[in-house]
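# 3D, please:
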Amino acid sequence: MDGVAVETDGSGFKIDPMGQFVVRPLFSDGPIQWYTVTNVTLWLALAVVCVLALMVLGTRRRAMIPTRSQSVAEMAYGLIHNMVHDVVGKDGAKYFPYIMTLFLFVLFANLLGLVPASFTTTSHVAVTATLALMVFVSVTVIGFVRKGPGFLKLFWVEAAPLPVRPILAVIELISYFVRPVSHSVRLAGTMMAGHAVLKVFAGFASIVLISPVAIGAVTAIYGLELLVSLVQAYVFTILTCVYLRDAVGEAHH
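Okay, here's the model as predicted:
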């Protein structure tokens with residue numbers, strides 16, 4: 001979460017809740033190119049470091065009585081392993097490492113956004129859309145590799161009356177290609193909205209008369225954002241499992 005300072009000008013009190021989402025270069029003031037190191041690059045890299053720290057450094061000295069880091073890593077492992085098994089089935093076990101990595105990356109990217117003066121990378125559709133497109137392309141490729149042309153049966157609802165099937169096929173096809181949009185916008189929109197509200201209440205905390213109420217609201221919203229960060233990572237991951245099930249499971253009957 002970027003700075004929460006309240007801006008004032010000649011006209012009086014002013015809050016800029018969207019300023020925290022501006023992408024800025026770290027080492028220059030020039031235009032941003034594809035190779036420019038920005039605040040987004042920094043916090044994405046830190047999310048990767050956190051994943052490695054938890055799963056590699058946190059578990060390198062595994063013991064019967066686990067440390068805190070080992071306990072957290074084992075809880076995350078068990079949560080996602082059970083999710084893959086329950087949603088995708090035994091055929092999804094080979095894709096567990098990717099799904100586990102995706103969950104941890106989104107989770108840490110969300111949580112790091114709550115650190116003061118940080119940047120919430122998952123509030124940008126460019127980031128979440130890239131993750132969603134990776135899932136979409138992977139699922140589509142896996143579907144065709146495993147089933148060949150039979151993967152197209154996903155769009156042919158055999159349980160429906162024959163005259164209705166072509167209409168449903170078009171709807172199913174549109175729904176399939178809309179998946180990356182809904183998958184990415186849900187995460188980015190939720191993270192952006194929560195942090196914007198948090199910034200607004202933090203701004204009101206500087207006003208003496210309403211400061212206690214604003215501080216209480218900020219505390220409550222911050223706690224809610226912690227929960228939202230976990231829930232959104234979980235939702236993003238379970239949707240990935242649902243989409244993967246279409247590729248490795250059976251089509252409509």
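
# can you give me the strands for the protein?
7-9, 12-14 (DSSP state E).

# rank these by mean pLDDT and give me the bottom one.
Ranked by mean pLDDT, the strands of the chain bottom out at strand 7-9, with a mean of 45.

# Could I get the contacting residues of F201?
With contact taken as C-beta atoms under 8 Å, 6 or more residues apart in numbering, F201 is in contact with A214, A217, V218, I221. All C-beta atoms are positioned from the backbone trio N, CA, C, and that covers glycine.

# Wait, the last one touches H195, no?
Right, the one you point to is I221. No: contact between I221 and H195 fails when scored by C-beta atoms under 8 Å: they sit 9.5 Å apart.

# Which one's more surrounded, these two?
H195 (24 against 19; other C-beta atoms under 10 Å).

# which ones are touching the more buried one?
Residues near H195 by C-beta under 8 Å, 6+ apart: M1, P17, Q20, F21, G113, T120, S123, E225.

# what's the answer for P25, then?
P25 makes contact with I32, T36, V37, T38, according to C-beta under 8 Å, 6+ apart.

# In TSV, list these along with pLDDT, neighbour count and distance to E74.
Compiled in TSV, these are given as follows (pLDDT from 0 to 100; neighbours: other C-beta atoms under 10 Å; distance: C-beta to C-beta, whole Å):
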residue	pLDDT	neighbour count	distance to E74
I32	82	13	40
T36	86	16	39
V37	89	13	35
T38	90	17	35
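
# which ones are touching the residue lying closest to T41 once chain neighbours are set aside?
Take T41 and drop its neighbours on the chain: the residue closest to it by C-beta to C-beta, 6 or more residues apart in numbering is L26, 7.5 Å away. Contacts were defined as C-beta under 8 Å, 6+ apart; by that measure L26 touches V37, T38, N39, T41, L42.

# What backbone torsions are found at L26?
Note on L26: its backbone torsions stand at phi -90, psi -30 [degrees, to the nearest 10].
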